[in-house]
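Trainee: no sequence on hand, only this structure:
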């Protein structure tokens, strides 16, 4: 394969390609994004130099070095020179250092999140969007709240909105949506959905119940299977959906109730060996997850996370827990045995 130039094309042209990316074009675009970031991101360039990696020798996405996610805690990560319009930050205890993700173009994030949701569920405008996110609403900088706010604004149903602790109003709207067969998305943090299920069991069959993970220290930890069992029994639904996202990503993945996540078009997940961070695991083998998020064009698209999981032949993946000694984070999915 001929060597590529570092500066493949201007970032704006890459952004246009990211917004239209399909599976067949993903690898070629990911390589172009890699060369663009290797040439224009000082932190990533230094990281590659310290590893002794020449960008020109990279010919496939499995060989790309992934930047450890911890860098978001101590560095402002930027590709190119630009002024941030806003920043997302992770939750955590006062003893932890929060991750910080600078955002150049909030509207690009909104469009990407909408496209990711529509890829699995159809246009968000057609849903009544009810967000039960008390812990996230109580702080600033949540990317999840930012996304939910956009979904609520787009919804054609006036009942859409956020719910902090006003669960009585939420229950009334849920019953209204159920009675009137309104397509409904109830997006909630795990501990809040659990509390709702305990206090207000009801028949929500036909509505989408979607958990985002995170007990936030409010309740004892459950495996996802345990939580979903409680929610399915209390709400009389056949499945509970899940959203996988984090401060460091501008894309999301979704599970529609089978325990397997599927990535939105701009995102792909690979597993690396736990003892060798530069070796990619074969399909079905447990490893730490590497994520390619092309929507992170202006920061870094190649991230080595602390999440443990398995990635399968079709690109779907499951979350099994976290690496030892990793910080507990608010957007984490529930811990289960590996």
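Mentor: Sure thing, it's come through. Worth saying up front: this structure is predicted, and the values here are computed from it rather than measured.

Trainee: helix or strand for residue 209, just tell me which one.
Mentor: Residue 209 belongs to strand 208-211 when elements are defined using DSSP states H and E.

Trainee: what packs against that strand?
Mentor: strand 184-188, helix 190-199, helix 224-235, strand 241-244 (3 or more CB pairs under 8 Å, 6 or more residues apart in numbering; DSSP states H and E). Using the backbone N, CA and C atoms, a C-beta is placed for each residue, glycine as well.

Trainee: can you give me phi and psi for residue 164?
Mentor: Torsion angles at residue 164 (phi, psi; degrees, to the nearest 10) stand at phi -90, psi -80.

Trainee: how many neighbouring residues does it have?
Mentor: When counting by other CB atoms under 10 Å, one arrives at 14 neighbours for residue 164.

Trainee: about what we covered before: mind putting the helices and strands packed on strand 208-211 in a markdown table, mean neighbour count and distance to residue 121 included?
Mentor: Shown next, in a markdown table, are the helices and strands packed on strand 208-211 (neighbours: other CB atoms under 10 Å; distance: least, CB to CB, whole Å):
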| stretch | mean neighbour count | distance to residue 121 |
| --- | --- | --- |
| strand 184-188 | 25 | 8 |
| helix 190-199 | 20 | 18 |
| helix 224-235 | 18 | 18 |
| strand 241-244 | 24 | 9 |
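
Trainee: nearest to residue 265, of the ones you listed?
Mentor: strand 241-244 (14.8 Å; CB to CB).

Trainee: hmm, who's touching the closest one?
Mentor: Here strand 241-244 makes contact (CB atoms under 8 Å, 6 or more residues apart in numbering) with 187, 208-213, 224, 252-257, 261, 319, 333.

Trainee: follow-up on the earlier one: and of the helices and strands packed on strand 208-211, who's closest to residue 90?
Mentor: strand 241-244 (14.6 Å).

Trainee: partner strands of that closest one and their direction?
Mentor: strand 208-211 (parallel), strand 253-255 (antiparallel) (DSSP bridges).

Trainee: give me the contacts around the longest one.
Mentor: It refers to strand 208-211. Here strand 208-211 has contacts from 121, 127, 183-190, 193, 227-228, 231, 235, 237, 240-243, 254, using CB under 8 Å, 6+ apart.

Trainee: and if we set it to 10 Å?
Mentor: Residues from elsewhere that reach strand 208-211 (CB atoms under 10 Å, 6 or more residues apart in numbering): 121, 127, 129, 131-132, 174, 183-194, 196-197, 224, 227-228, 231-232, 234-235, 237, 239-243, 254-257, 333-334.
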